[in-house]
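S.K.: Need a 3D model of the sequence below.
(2 chains)
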Amino acid sequence: MSAELVHLSPATAHPRRAALFVANDERMHWHDKALWFVRQKRDKAAQSVPEWERLRELASQIKAHTLVGLPDYLEEFEAKAVALGAEVHWAKDADEHNAIVLRILEGVGAKRVVKSKSMLTEECHLNPFLEARGYEVVDTDLGERIVQFRNEAPSHIVLPAIHIRKEEVGATFHEHLGTEAGASDPQYLTEAARGHLRDKFLKADVGITGVNFAIAETGGFVVCTNEGNADLGTALPPVHIACMGIEKLIPRTKDLAVFLRLLARSATGQPITTYSSHFFGPRPGGKLHIILLDNGRSGISQSADFKTSLHCIRCGACMNTCPVYRRSGGHSYGTTVPGPIGSILAPARDANTYQSLPYACSLCGSCSDVCPVKINLHEQLLLMRHSVTEKGFLPKLKQLSMTIASYVFQRPKLYAFLGAAGRTLGRLLPHRWVNNRLNGWGRQRDLPPLPAKSFRALYRERNNGQ
Amino acid sequence: MRVGLFVPCYVDQLYPDVALAALEVLESVGCTVVYPEAQTCCGQPMANTGCFEDALPLARRFIATFSGFDYVVAPSGSCVAMVRAHYAELLHDDAGYRALAPRVLDLCEFLVDVVGVEKLPKRTFNYRVGLHQSCHGLRELRLGKSSERMLPDFNKTRRVLEQLDGVEFTGLLRPDECCGFGGTFAVAEEAISCAMGNDRIADHEHAKTQVLTAGDMSCLMHLDGLIRRQGKPISVLHVAQILAGRKPSHALPVLASANGAAL
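M.R.: Sure thing, here's the model as predicted:
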């Protein structure tokens, strides 16, 4: 069952899906350990760079600088990219983005499309849009191809199939690629996928890629992959469409040195991705289209509280470190980008639908400390809770309980009286009445034995005795 | 030195001995300690729910209650972080807040940075101690280096406990993962919260922790709730209780080592 297909009330969407994931204890722990292993690899890789913390600071400053001058840098990038022979398109939202892609495909009479990993096209739901119009769209990243076969969304932005075990991949490939039933050997399965994808690359009319970094001063851009699928997908078909969010820009080529050192180390613990492919205009005889997508980004860039969320380089480190994500799975978020960063980006665009995400967080702050561009993620998650509340989406009962608590806490005598009354009642009631399934605290946890006296009472006695 | 004792509301009501222990420790190092009875709650539950307007009067009240002290000390990194770091979102540049904030400290932070740990009375604690790193103390107050940051190692809570003879720290597989309490998160995301807590407890069991301790009673309330429901053989004490000489209820001391000292 795909959790995101279950219709849930927005206020409890994440906890309900998370509880489903946790219910399979063995799978939950396997998922948690797989991602913790990646986090530990990241720690080792980061330790190998003595100036790691300075690099993070520098990356954060470069991104902050770029966002301040974003309109100018975008125009500079466009002019330089056009001079290199690319065609640049501007898309306000996902619909415009998809319409531009469709127009390009129609213009060249394309039927078959290969895609390398692009969270942006996931964000725009490009695959179903094109498939509904009769196009064949093949994701060529191995993990993405697995989830595409299974008709699922990626559950992680770097490791799209991290929620799927190799035995399940074997079953999926048996169904779609005719591999041996029961096969689960990773090398065998990968070779089967490789053969299948090679055929798709050769027959494709258009290759679509994402963009990791676009460089204003040159008009070029960089795509980072481990499988080389972006290279094959752009070297074989005659037309290349590169889709990027407007926040992917950096000013200079030399800024790349900062980001490329941080990206793969943070993402997977590798010193660098296997391929960091630079594109400068179309290849000889080919055509290059670059689509610049806003889709709410310029709105976020105007928000004092959330603008630094646009610094994100999509490394996924905040997901790997998040103790909630590791135990609830990427699909529990119901968004293209899950985890801490997704819990800011999604409600920044649609606070009602995604209101439960900023609360899917214990505010532990690990994400902020692991982030290679120093986004204060957990502080923004807290501010997002305020934003959700201000917009009136907090459930009425929760809002009322906080207002009542505030009223009581402003009156020390009332607080002391209610505290004493509560403790007395708790001491009189049988254990089972206090700690039971109806009480969110007591379902799995015992309340502490309730003391007869509060500290303030003991303190008063102590002072009177002296 | 006049110290205002800031006691988290749930500690006042549910764990009076933790506050009493903090009071005793502060007095033992020569502080004049006052507990102002006008205090209630710092407002963190409201603020963390997003209800900043409900938290605001409590923040104002806190500043008014504690402004007269040289220092304000609490046996809680989380409540101190609320005041020192997050009141800024409520009170912004309020002069009273800006003047008081740097003087509001967690107990261990105060003992290390202001008092000097050598002033602590000599005590023995012959147990295998599992130190839980409460997140807000670790990552908001920077009481220690978090495992994510590539900086020289330090930890103020550990430093304070190291002053006791006989303490043997247990080695954890995940030294600073969150316990899953998270305030209202503990109830709103009950399944994840308890899964996180059980995983922390399993790490401590694997490390043979006898006494689980932390700078925050809220983490410990959550972990102890799971431990007691499952009847696990781990005792839970706040750092202040260990410093004040309290002993675990049902753990036997590790046999005296080199010098043969008993309890």
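
S.K.: Quick one: list the elements packing against the helix or strand bottoming out on mean pLDDT in chain A.
M.R.: Within chain A, no helix or strand scores below helix A:431-434, which has a mean of 74 by mean pLDDT, DSSP states H and E. Counting contacts by 3 or more C-beta pairs under 8 Å, 6 or more residues apart in numbering or on different chains; DSSP states H and E, there are no secondary-structure elements packed against helix A:431-434. The C-beta positions use only the backbone N, C-alpha and C, and glycine is treated the same way.

S.K.: Which helix or strand lies directly C-terminal to it?
M.R.: The C-terminal neighbour of helix A:431-434 among helices and strands, as given by DSSP states H and E, is helix A:455-465.

S.K.: Tell me which residues of that following helix come out buried.
M.R.: A:455-459 (16 or more other C-beta atoms under 10 Å in any protein chain shown).

S.K.: residues contacting the spatially most central residue of chain B?
M.R.: By C-alpha atoms, centre = their mean, the mean C-alpha position of chain B lies nearest to residue B:215, the distance being 1.9 Å. Residues in contact with residue B:215 (C-beta atoms under 8 Å, 6 or more residues apart in numbering or on different chains) are B:75-77, B:106-108, B:134, B:137, B:143, B:157, B:238-239.

S.K.: Pipe those into a markdown table and attach neighbour count, secondary structure and pLDDT per row.
M.R.: Formatted as a markdown table, these follow (neighbours: other C-beta atoms under 10 Å in any protein chain shown; DSSP: H, G, I helix; E, B strand; the rest coil; pLDDT from 0 to 100):
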| residue | neighbour count | secondary structure | pLDDT |
| --- | --- | --- | --- |
| B:75 | 30 | coil | 98 |
| B:76 | 32 | coil | 98 |
| B:77 | 32 | helix | 98 |
| B:106 | 30 | strand | 98 |
| B:107 | 29 | helix | 98 |
| B:108 | 28 | helix | 98 |
| B:134 | 30 | coil | 98 |
| B:137 | 27 | helix | 98 |
| B:143 | 29 | coil | 98 |
| B:157 | 27 | helix | 98 |
| B:238 | 27 | strand | 98 |
| B:239 | 30 | helix | 98 |
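
S.K.: Pick out the most distant pair among those.
M.R.: Largest separation among the contacts of residue B:215 by C-beta to C-beta: B:143 and B:238, giving 14.5 Å.

S.K.: Helices along chain B, start to end?
M.R.: B:9-14, B:16-28, B:44-49, B:52-66, B:77-81, B:87-91, B:95-100, B:107-110, B:135, B:156-161, B:185-188, B:190-206, B:217-230, B:239-243 (DSSP state H).

S.K.: Name the stretch among the ones you listed that sits most buried.
M.R.: Highest mean neighbour count of the helices of chain B: helix B:77-81, a mean of 29 (counted as mean count of other C-beta atoms under 10 Å in any protein chain shown).

S.K.: tell me the secondary structure for residue A:89?
M.R.: Using DSSP: H, G, I helix; E, B strand; the rest coil, the secondary structure recorded for residue A:89 is strand.

S.K.: Show the low-confidence segments of the chain, by residue range.
M.R.: All of this refers to chain A. The model of chain A has pLDDT under 70 over residues A:1-7, A:466.

S.K.: if you could check chain B rather than the one you did, that'd help
M.R.: For chain B, the stretches flagged by pLDDT under 70 are B:255-263.

S.K.: Identify the residue spatially nearest to residue B:228, adjacent ones excluded.
M.R.: residue A:446 (4.5 Å; C-beta to C-beta, 6 or more residues apart in numbering or on different chains).
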